[in-house]
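# with the input below, show me the fold.
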Amino acid sequence: MRPLRFVALGDSLTEGVGDPVGESWRGWAALLAGGLDEPVEFVNLAVSGAQTRDVLERQTPAALALRPDVVSVVIGVNDTLRCTFDIHAVAARLDKVYAAFRDQDAVLLTACLPDPGAMLGLPGALARPLARRQRAVNTVVHALSERYEAVHLHAAEGAWLMDRAMWSADRLHPGERGHRQLALRFHALLTQEGIAAGAAPSAEPEFPAPTRSASLWWLATAGTGWVARRCTDLLPQLLTLAAAEVRHRARGTSARLDLSASHAVASALAALSVAEQPDVA
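A predicted model of the protein is given here:
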């Protein structure tokens, strides 16, 4: 009997950003791995900045070759932060990724995620377009998770998300305490499914929280680079979206923006359903 093999796919959240151990990141997936079984073979393929295209084209082939017993696919926030955001493309990519792992009979872990604009504390006109995009991604993930019988974590809301102690200096990635909460919540779901046989990760941090000066230093160095890269790509479009928010709000037609986003999600999911129907001779 080989060890249970757990492979994690995704972006900086799964890579472990915000939970430093030595010179590298650990993160929720590594914390969860220790509570799945004994022994466990854990491989983390997540890469900071990854989008759904990266998961489909790069991470999924590498993961399929490993034939995992359990695989996590937590992705989508970076798609919402790009000027190329397209919910139809996101849905089509996730559908292919989920299907590939379920075809191998792997246990699939997914999660919906909080809206980055709220986490960053952006002004309303800037935050609302990002929130609308994240809701669209979460709706797609919910629907596809049900279709492929994934173990799905509702991590988009909850009182614990509002606890500042859960978050790192950048306010977008969890700190160690937040990563531990994600691991604990996934472990509880897997225990209910009879998949996790090991002890749950501790909720209490192993290391002291970074000092305020250390957090400020991180923001002034690595954090500044992260913001600059996102702003170069997203900011011009985000300003255009914000201007549209202001116009619609002044006219009392803000509901049209939400309705348009809902129609786009419905259309994206309907297109997947049509594509899966067999041809009739």
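# can you find the helix or strand of this structure with the lowest average pLDDT?
Sorted by mean pLDDT, DSSP states H and E, the helices and strands of the chain end with helix 212-218, the least confident at a mean of 62.
# start to end distance for stretch 14-21?
Using CA to CA, to the nearest Å, one end of stretch 14-21 lies 14 Å from the other.
# that stretch - what's its average pLDDT?
On average, the pLDDT along stretch 14-21 is 93.
# list the buried ones in that stretch?
Thr14, Glu15, Gly16, Val17, Gly18, Asp19, Pro20 (16 or more other CB atoms under 10 Å). To be clear about C-beta, it is placed using only N, CA and C from the backbone, and glycine gets the same treatment.
# list the buried ones in the host helix or strand of Ala268?
Secondary-structure assignment from DSSP states H and E places Ala268 in helix 255-276. Using 16+ other CB under 10 Å as the burial criterion, the residues of helix 255-276 that qualify are Leu257, Ala261, Ala264, Val265, Ala268, Leu269, Leu272.
# what ranges do the strands span in the stretch 151-281 of the chain?
151-154 (DSSP state E, counting those that start in this stretch).
# can you pull the contacts of Cys177?
For residue 177 the amino acid is Arg, not Cys. Residues in contact with Arg177 (CB atoms under 8 Å, 6 or more residues apart in numbering) are Ala165, Met166, Ala203, Pro205, Ala209.
# ChimeraX command to pick out the buried ones of those?
Buried members of these, defined by 16+ other CB under 10 Å, are picked up in ChimeraX with:
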select :166
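# out of the contacts of Arg177, which one sits closest to Leu36?
Ala203 (17.4 Å; CB to CB).
# could you pull out the helices for the stretch 151-281 of the chain?
176-192, 212-218, 224-251, 255-276 (DSSP state H, counting those that start in this stretch).
# do you know which of these lies nearest Pro123?
Closest approach to Pro123 among the helices of the stretch 151-281 of the chain is made by helix 224-251 (8.2 Å; CB to CB).
# right, I'll leave it there.
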